[in-house]
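> Sequence and computational prediction follow.
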There are 2 protein chains.
Amino acid sequence: MTVTNLEQRYEIVRGLIDNENWNALEEVLSKLPPVEIVEILEKLEEKDLLVIFTLFPNKEKAQIFGELSRDLQYYLFKSLERRSFSKVFEAMRSDERADFYQELTVDEQSALLPYLNKQVRSNVVELSGYDADSAGGIMTTDFATARNWMTVRETVDKVKKDSPSKKMIYYVYVVDDEKVLLGFVTLKDLILAELDDKIEDLMIVDFVAAKVDEDREAVARRIEKYNLVALPILNEERKLMGIVRHDDAIEVIVAEQTEDMEKMMGITSSSDEDDDEGYMDISVFRHFKKRILWLISLAMIGIVSGLILHHFEDALDQMVILAMYMPMLADTGGNAGSQASTVVIRALSLGEVTTNDWWKITFKEMRIALLLSICLSSIAFLKVTLLSFDSSLPGELTLSYVAFIISLALALQVVTSTMIGAGLPLIVKKLKGDPAVVASPAITTIVDVTGLLIYFGLATAFLLNAIA
Amino acid sequence: MTVTNLEQRYEIVRGLIDNENWNALEEVLSKLPPVEIVEILEKLEEKDLLVIFTLFPNKEKAQIFGELSRDLQYYLFKSLERRSFSKVFEAMRSDERADFYQELTVDEQSALLPYLNKQVRSNVVELSGYDADSAGGIMTTDFATARNWMTVRETVDKVKKDSPSKKMIYYVYVVDDEKVLLGFVTLKDLILAELDDKIEDLMIVDFVAAKVDEDREAVARRIEKYNLVALPILNEERKLMGIVRHDDAIEVIVAEQTEDMEKMMGITSSSDEDDDEGYMDISVFRHFKKRILWLISLAMIGIVSGLILHHFEDALDQMVILAMYMPMLADTGGNAGSQASTVVIRALSLGEVTTNDWWKITFKEMRIALLLSICLSSIAFLKVTLLSFDSSLPGELTLSYVAFIISLALALQVVTSTMIGAGLPLIVKKLKGDPAVVASPAITTIVDVTGLLIYFGLATAFLLNAIA
């Protein structure tokens, strides 16, 4: 169990480096899991990183390298002698290896390839050919196979022979001559069986799988749904091409969630860039690019609000009290609409509802909106009467009457915004789009327009006509 | 591999039920994984559900029961004879069993307990004593143990004897006389070892664990970080109390994610209600309660905007053009602030940054904000000159001058909003709060206030003074 925290571990390592006590350092580091070693390495200067990295045997180097940030990986790739780097590279997990390889330039790739053994070379080239967003892009080819005519004893011997000691195995996949997947056995079944039992009798033939070109999120959600440790990935001929592991599924789910959240705030992500990078790894200019598109689009839609306001300039001129409560109407509408869109987008993305439930969702949101609007318009009425007690009103208008019209507008605005917030994601989903794009900023901007129309519509009908 | 989709499977089952062809039905269903059986059961009427449920042997019943929605679980609990229900209950996964037990009333609990065997009874009572948000609340007690002096042969025999066939095992935990955890061996190591090898020599002693009262999200994030299949849960004396599995970790991560997203939109969740329920399971009134609190709070803060506007009523009276561009300023500020808060909240929650990085984050956001404000204020300048070409301006003011002041206000507002959006989550986190509460609606409302101050501040200084 980890008894120290990162700061303490870092201080210990720092001290040993300063004293150049390499033996003690090796001793300390060998007890830590790779992910904790990486946390320390990322705090060190590059030259120290290089020295410490070379302390480990190739297998550990490979595990550590796989967990490092892209920048540090690239630094090591550039700093290490090509032949010794190739040994590390060969020992890496096949999916992490392909991910790194894809980041290299064509020149760097061709410089690396001759140093690799034939098997690794063809594996890397094959895996890096898949789309990063597909099952192929996240699968690993490190899995154990057996044949259906084998005994348990033969299978165990084959696993011993095939599998490098550091790689995790959960299932043994049973394939035929053509590598077509027939079924699988769990390690537990292998252990519990007798050595002379036949694989054919043990294997589970009703298995869940995915195709190599399926979307990575669908693959991750399948692993989640069926509580799997690994999911076999098949090609069109049902041949076993790789497996996607439970930890890759978590990574994908977390990355897709970040993407959804960002989309909902109008932050775009471009598919040619790595979505899995952290906040600090993304440059200022790329952050800017991710945010500006929506801000500009919304400013453009905002022109419609501007035109409506321009149209009602005279009304504002006559009754400045209307201008005072415009922000309240816009904000409350925006907030109510954003809330509705958030719950609907989330329910859609978790598969709790489908677009076929549109009527049930609409009816539910309608009732929620009515409750909200009763509450909020009462508050608005009080607010207007308290804040504007000394406002000068034109004509015969009383403050309570004006407050009533403003709070009526707010009630209508809350209902409209909630329905728009709930409805737009459903429509976008129905049109095969990603509902997360109809996000908070979009809803806010759209309900601004409806809010102004409701507000000035009611004001024209009940207030301005009264004084005209 | 699943060759049919849910609709097709349902139609097949529906047809067999209508023909009362129970044998064929049993045959079809026995090939499906529990989660797919549940999908079908949830589409059936309750009486059919009951008939089909009784077709399965107890172990499958237990797996299916564990996946059903709370309502259907309760219906089966009420409909089945107590003794036969207790057999299903005993065969369930210990964590799912405790979850269901916690939902029962005290009377129902005491009615069930006498039917359970002693071991299950004490296990259920123990597990349901833990806080649902803690490691204890999500852990299962279904794990395999061995002793360090055992051989591989003895361990395999013990696993065979102890573990019910349907439960998954990934690691064998090595404990001492007092159940204190000493280390673990993977099933793969057991298979690859010789039968006479000692567990002591195989076991991994540098393991990651969690305490029974730790927060469930911290536990899930640890499983994610270390790529574990299961994490051992220890009490204060380091005794092994249970394990949390990779699939439970995914569930927690998804649930916490939904909570974060909802918090960011000002949707509250109360801890006494089940956060894991879906959109449709939550009543209209509870949806209303989850949303109204923030909407009211924000309407209250909105009074400040109202007061500011009230204060500048005369200014608006003199220059209606100011009222026209107020929504643009408020919306753009709200959107820019929400974007900044989203990325910072997400980076904090994924552990990509900590509050110690505040200076780096602030500096980065400052540069992003400057780029955004240059872009957006140029657009605002164009917008004012194009839309308000026919507005009547008081005194000597030219339209370009007014447009310049408005776009300057917008630039300042974008920078201020971005800094507030990035800064507030950091401050809340520093004060040990949950950064997700300083969410889009809160930011939108707060930057409304700053926006109005900037807008009317600049207007007073450069426009109104010029005509006074």
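Sure, I can see it. Numbering: from 1, shown residues only, chains lettered A, B, ... in the order given.

> With adjacent residues omitted, what lies nearest to the residue of the stretch 351-468 of chain A found nearest chain B?
Residue nearest to chain B within the stretch 351-468 of chain A: A:Glu352 (3.8 Å; CB to the nearest CB). All C-beta atoms are positioned from the backbone trio N, CA, C, and that covers glycine. In space, and not counting its chain neighbours, A:Glu352 is closest to B:Gly278: 3.8 Å by CB to CB, 6 or more residues apart in numbering or on different chains.

> still on that earlier bit, dump the residue contacts of the residue of the stretch 351-468 of chain A closest to chain B.
For A:Glu352, the contacting residues are B:278-280, by CB atoms under 8 Å, 6 or more residues apart in numbering or on different chains.

> Neighbour-wise, give me the winner out of these.
B:Tyr279 (19 neighbours; other CB atoms under 10 Å in any protein chain shown).

> Would you mind giving both backbone torsions of it?
phi -50, psi -50 (degrees, to the nearest 10).

> so who does it touch?
A:343-344, A:346-347, A:352-353, A:361.

> Same question for A:Leu316.
A:309, A:322-323, B:316, B:320, B:323-324.

> Make JSON lines from these and add pLDDT, secondary structure and distance to B:Gly451 to it.
Listed next are the contacts of A:Leu316 as JSON lines, based on pLDDT from 0 to 100; DSSP: H, G, I helix; E, B strand; the rest coil; distance: CB to CB, whole Å:
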{"residue": "A:Leu309", "pLDDT": "78", "secondary structure": "helix", "distance to B:Gly451": "16"}
{"residue": "A:Leu322", "pLDDT": "82", "secondary structure": "helix", "distance to B:Gly451": "19"}
{"residue": "A:Ala323", "pLDDT": "78", "secondary structure": "helix", "distance to B:Gly451": "15"}
{"residue": "B:Leu316", "pLDDT": "75", "secondary structure": "helix", "distance to B:Gly451": "15"}
{"residue": "B:Val320", "pLDDT": "75", "secondary structure": "helix", "distance to B:Gly451": "18"}
{"residue": "B:Ala323", "pLDDT": "78", "secondary structure": "helix", "distance to B:Gly451": "14"}
{"residue": "B:Met324", "pLDDT": "78", "secondary structure": "helix", "distance to B:Gly451": "15"}
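
> what's the spacing between the strand or helix carrying A:Asp317 and its chain's center?
Under the criterion of DSSP states H and E, A:Asp317 resides in helix A:313-318. From the chain centre to the centre of helix A:313-318 is a distance of 47 Å (CA atoms, centre = their mean, to the nearest Å).

> Kindly export it (C-alpha atoms) in PDB.
The C-alpha trace of helix A:313-318 is given here as PDB (Å, rounded to 0.1, in the frame of the first residue of the first chain):
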ATOM      1  CA  GLU A 313     -36.100  51.300 -29.600                       C
ATOM      2  CA  ASP A 314     -39.100  53.600 -29.400                       C
ATOM      3  CA  ALA A 315     -40.800  51.400 -26.800                       C
ATOM      4  CA  LEU A 316     -37.700  51.500 -24.700                       C
ATOM      5  CA  ASP A 317     -37.500  55.200 -25.100                       C
ATOM      6  CA  GLN A 318     -41.100  55.600 -23.700                       C
END
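
> buried set for that helix?
A:313, A:315-316, A:318 (16 or more other CB atoms under 10 Å in any protein chain shown).

> what's the burial count for the nearest residue to A:Leu234 once chain neighbours are set aside?
Of all residues not flanking A:Leu234 in the chain, A:Ala209 sits nearest, at 5.2 Å (CB to CB, 6+ apart). For A:Ala209, the count of nearby residues is 19 (other CB under 10 Å).

> can you check A:Asp357 too?
Neighbour tally, A:Asp357, other CB under 10 Å: 17.

> now it, what's its secondary structure?
helix (DSSP: H, G, I helix; E, B strand; the rest coil).

> what's the answer for A:Val174, then?
strand.

> What number of residues are in the vicinity of it?
A:Val174: 25 neighbours (other CB under 10 Å).

> how's chain A carved up into domains?
A:6-128, A:144-247, A:283-467 (automatic domain parsing).

> what's the most buried one of those?
domain A:283-467 (a mean of 20; mean count of other CB atoms under 10 Å in any protein chain shown).

> roughly how far out does that domain sit from the chain middle?
That offset, for domain A:283-467, works out to 29 Å (CA atoms, centre = their mean).

> any idea where the helices of the stretch 201-350 of chain A begin and end?
Under the criterion DSSP state H, counting those that start in this stretch, the stretch 201-350 of chain A contains helices at A:216-225, A:246-264, A:284-311, A:313-318, A:320-349.

> Tell me where the stretch 151-300 of chain A is predicted with low confidence.
A:163-168, A:269-277 (pLDDT under 70).

> The same query, at a cut-off of 90, please.
A:156-171, A:186-195, A:206-207, A:217, A:225-227, A:254-300 (pLDDT under 90).

> That's all I had, so thanks and see you.
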